[in-house]
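> the sequence isn't on hand, but the structure is:
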C-alpha cells in the first residue's frame, strides 16, 4: 500500500463512514472476533488510511502506529479487553487501538484541545486501563493486575502487556520479569520488535533480539519442538533434574530466548507481526500456556507507507504532509528558533572547546536535535537507550574520572532518575550538567509529557544550582557557566521559541552570568514582574500591553530571574522594598516552583509578603492542547497577566 494520501480527512461524518465503513460501524471491538480474514485485511487498510489522512492535518505519532495495526487487530480478535487486561507500553502507538474500540468518529480531533488524547486514557474508554506516556512500566502494571485478579477470584481474566524493543531494556522491565517469573501467574508479554525506539535502538539487549530474530527455526517447527519436548518423561532425583535441565537447554538452544526461559518466562517466537492469522494462532497458544509467556513479534515501523518505512525516525512524529512522497507541507517559519536548537548549538561549541565534555541522552537524540553532535563527536556521544536512571548514574561515574558530562533529557523523563540525581550526583557534589528540555507545557502530548514538576524536586537538593534561560543568548552563556561550576547544575527550557531581545527593539546587553544573580530587563514605577525562564517573553509582552493601554495603563518593570536556586535574595528585597506589587511568573506548578522560592526568600528576610502574587500552573494535571491556549487558560497569557497586574495595583494603596 504505497499511496494512501489521496484525500485529507473527510469533512463530514457521513463521508468518513462511507470511506471507512468497517471502522465506522464499530461501537467496540467485539465484532472483530467474527470478521473473516478478508474483512480484517480491509479493516487494517482502513486504519492505515485514517492514520495517513490525519497527518494531512497536524503532526502526530505516525510510524509507530502504522507498525502495530495488525498486532492490534489480532489482539482484539483473541481477547475481550472490556474484561481482559491490555496495557500498551509507551502509549503513543495507541491510535489503531482507539479506532477499533469505538472511537473512530472522535478520531479527527485527536491531540487537539477537547479531543481524544494521543495516549491511552481511562476517561475515554473501558479499553484503556492506564494513561501510559512513559516507557517500561507495562510489564510491572500487568503483573500487578494479574496478581490482583487472582486474589480477587477473577482468574479467568487474561492479562497482556505490549512493549516495544526500544523500551525493553528499561531496568524496570527486568525487575517486573524477575517478579513475574517468581509468581508464575498466567500472563502474556508481547514484545513488539521493530528494531527501533524513536531512533534506532541501542545496547546489548538490542543485539540479543537481533540474534533471536535471525533464528532459522520458524513458526510450525517451534510449536512441534515444544510439543515433543514436553512429552519427554521425567524420572526421580537426580535423573529428573538432569533431564529437566537437558529439556530446557534443548528448547532454548533450538528456539532462542534462553534469557527469558532462565527467568521462568516461556519464550515463543519470533513471528511475523503483520500476519493477522499467524498472530491469532500464537496469541491463542500463549493464552492457554501456564505461567508468564513472552511472545516475540517482529514488525516494521511505518509498515504500509513506504516513506515512513524507509525513514521511521523522521516519521515518528512528522509535520503535516499531503504528498504521497511524504514530503511535509511547505509552511513559512514563524517565530524564532526553539530553545532546543540553541541548546544543541551550545553543546556542540562546548564539546569543540573542551575534550572533557561529553553528552549523554536517553533515546532522545532526535527530539533533542543532537544528530549533528553525534556525527561530530561520536566518541563522546552516549545514547544509553530509555534508561534515564542509568544515564544519570553513568554521568556521575564519568565525572569521577575528570570528565564534564552533560545529561540532555526531557523534563518529564528526568523524573525517572530522581534517586540517582539525589544519591549519585547531588550527594556526591559532582559537577554534572543537566540540560532539561521540554520544561513546561508540551502542547498536544498532554499531561504525561508536560515538564512542570522539575523545579519542585531539583531545588530541594543541596549543592544543586538551577538556572532557566529567558532568551536565546542565555542558553550558551548558562552552559558555559555550568561547565565551569564545580557543583551540579540544571538548565531548564521549554519546547518553545527562544526570543532574541534585539528583535523586540530592546537596547539591552546581556549581563554576565553570576551564580544566584538575576537581570533587570525593564524599569517600572508601578510594579515588577519577575519572570522565570521562557516566561520572560510573556512578561515583556504584558509590560508593553500595560504601557500602551488607553485606560488603566501601568508602567511595569521586568526582571529576568535566571536562577531558581540559589535565588537572588537581593533582587527579592529590592523589588519589594519599593512598596509596589510584585508578580512572579513561571511555566511550572505554583506548588514548589519559582514563586514558592521567591516567597520563601521574602519570609526569610522578614519582608511584607502581602503584595506578592504568584502566577504559575495550577495544582491539576493539565490536558493536551495548543501551548499558547493552555497558558491563557492557566492565566499566563499576556492579557491575563495584565489583568492580574491591574488588580494587584489596585491593592497597593489598601496596604
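Right, received. Where do you want to start? Because the structure is predicted, anything quoted here is derived from the model rather than measured. Residues are numbered from 1 along each chain as shown.
> in stretch 400-410, what counts as buried?
403, 404, 405, 406, 407, 408, 409, 410 (16 or more other CB atoms under 10 Å). Placement of C-beta: from N, CA and C, glycine included.
> so the residue lying closest to residue 23 once chain neighbours are set aside, which of the three states?
In space, residue 23 comes closest to residue 104 once its chain neighbours are excluded; the distance is 4.4 Å by CB to CB, 6 or more residues apart in numbering. Secondary structure assignment for residue 104 (DSSP: H, G, I helix; E, B strand; the rest coil): coil.
> hang on, residue 104 packs against residue 50?
Yes: with contact defined as CB atoms under 8 Å, residue 104 counts as touching residue 50 (7.4 Å).
> overlap of the contact sets of the two?
Residues touching both residue 104 and residue 50 (CB atoms under 8 Å, 6 or more residues apart in numbering): 20, 23.
> assumed residue 83 was part of a strand.
No: secondary structure assignment (three-state DSSP) places residue 83 in coil, not in a strand.
> quick check: chain neighbours aside, which residue is closest to it?
Distance criterion CB to CB, 6+ apart; nearest residue to residue 83, sequence neighbours excluded, is residue 157 at 6.0 Å.
> any idea how far the residue nearest to residue 23 lies from residue 454?
With distances taken as CB to CB, to the nearest Å, residue 104 is found 37 Å from residue 454.
> out of these two, which sits in the more crowded spot?
residue 454 (26 against 23; other CB atoms under 10 Å).
> contacting residues for the residue nearest to that one when sequence neighbours are not counted?
Nearest non-adjacent residue to residue 454, counting by CB to CB, 6+ apart: residue 411, 4.7 Å away. Contacts for residue 411 (CB under 8 Å, 6+ apart) come out as 436, 437, 438, 439, 440, 451, 452, 453, 454, 492.
> at 6 Å what do you get?
Residue 411 is in contact with 436, 438, 439, 451, 454, counting by CB atoms under 6 Å, 6 or more residues apart in numbering.
> please check those and keep the buried ones.
In the contacts of residue 411, burial by neighbour count holds for 436, 438, 439, 451, 454, counting by 16+ other CB under 10 Å.
> list the contacts of the fourth one.
Read it as residue 451. Applying CB under 6 Å, 6+ apart, we find residue 451 in contact with 411, 412, 438, 439, 440.
> how confident was the prediction at the residue nearest to residue 454?
Residue 411 carries a pLDDT value of 95.
> so where's the protein uncertain?
1-17, 56, 58, 60, 196-257, 302, 304-306, 308-335, 654-655 (pLDDT under 70).
> longest strand in it, by number of residues?
strand 581-589 (DSSP state E).
> follow-up on the earlier one: and which of the contacts of residue 451 is nearest to residue 600?
Closest approach to residue 600 among these (CB to CB): residue 439, at 20.6 Å.
> which strand residues bridge that closest one?
Using DSSP bridges, the beta-bridge partners of residue 439 come out as residue 451.
> pretty sure it contacts residue 491?
No: using CB atoms under 6 Å, residue 439 is not in contact with residue 491; the gap is 9.1 Å.
> which residue ranges form the helices in the stretch 151-300 of the chain?
Using DSSP state H, counting those that start in this stretch, the helices of the stretch 151-300 of the chain run over 171-183, 204-213, 219-230, 239-255, 258-262, 276-288.
> could I get the contacts of residue 411 as TSV with distance to residue 568?
TSV is the format used below for these (distance: CB to CB, whole Å):
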residue	distance to residue 568
436	20
438	26
439	20
451	23
454	20
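> tell me how far the residue nearest to residue 264 when sequence neighbours are not counted lies from residue 290.
Closest residue to residue 264 apart from its sequence neighbours, by CB to CB, 6+ apart: residue 181 at 2.9 Å. In this structure, residue 181 and residue 290 are 13 Å apart, going by CB to CB.
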